[in-house]
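>>> Prediction below, plus the sequence it came from.
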Amino acid sequence: MIRLPLPLRIAVRPVNDDSSGLALETPASNWWWSIRNASSMKAEYDFSKGKRGAAIPQKGKTRISIFIDNSVLEAFRSRAETAGTGYQTMMNDALRKYLSETDQPITEKMLRQVLREEIPEYVRGQTTRSTRSARKRAAG
């Protein structure tokens, strides 16, 4: 008899009738499992064409493992609990919002605003430099 680490044991017995030769021995709490599935077990299974990964892949989402600071994770968990949603959903929404805000192309309105803020500073800097250069020439 082969013992498995689970509470399930598979016993291989000589085949002398129509059965598969396998008998499942399970704890008393799972007696119904052995009765239902013992006859449907095959002696051997072929996994040569098997693929790694989820049995049913989810569309549009990918499972990953990442390292996140404990403080960030706790903040998301507490906010999610307050909001009544999942923390992973909340993290996904925050990342999506960040990406949507940072990928915006520069519009004419944004460019005009930046120029209005930066040109006066640039002109003041040029005026100060030209005044210094004139003083150096006059002193020299």
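Looks like it came in fine.
>>> quick one, longest helix in the chain?
The helix spanning the most residues in the chain, taking DSSP state H as the definition, is helix 108-139.
>>> Just the buried positions in it, please.
When neighbours are counted by 16 or more other Cβ atoms under 10 Å, no buried residue of helix 108-139 is found. Every C-beta, even on glycine, is put in place using the N, C-alpha and C of the backbone.
>>> Now do that helix: which elements does it pack against?
Contact partners of helix 108-139 among helices and strands, from 3 or more Cβ pairs under 8 Å, 6 or more residues apart in numbering; DSSP states H and E: none.
>>> what helices or strands is whatever helix or strand Arg77 lives in leaning on?
Taking DSSP states H and E as the criterion, Arg77 maps to helix 70-83. When contacts are defined as 3+ Cβ pairs under 8 Å, 6+ apart, helix 70-83 sits against helix 87-102.
>>> what's the helix it packs on in contact with?
Identification of contacts with helix 87-102 by Cβ atoms under 8 Å, 6 or more residues apart in numbering yields Leu73, Phe76, Arg77, Arg79, Ala80, Glu81, Ala83.
>>> With stretch 68-86 instead?
Tyr87, Thr89, Met90, Met91, Ala94.
>>> Only alpha carbons, please: show stretch 114-125 as CSV.
Presented in CSV, the C-alpha positions along stretch 114-125 are these (Å, rounded to 0.1, in the frame of the first residue of the first chain):
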residue,chain,number,x,y,z
VAL,A,114,3.1,76.0,-18.5
LEU,A,115,4.4,78.8,-20.8
ARG,A,116,2.6,81.5,-18.8
GLU,A,117,4.2,80.2,-15.6
GLU,A,118,7.7,79.6,-17.0
ILE,A,119,8.4,82.5,-19.5
PRO,A,120,8.3,85.2,-16.9
GLU,A,121,10.8,83.3,-14.8
TYR,A,122,13.0,82.8,-17.8
VAL,A,123,12.9,86.5,-18.8
ARG,A,124,13.7,87.6,-15.2
GLY,A,125,16.7,85.2,-15.3
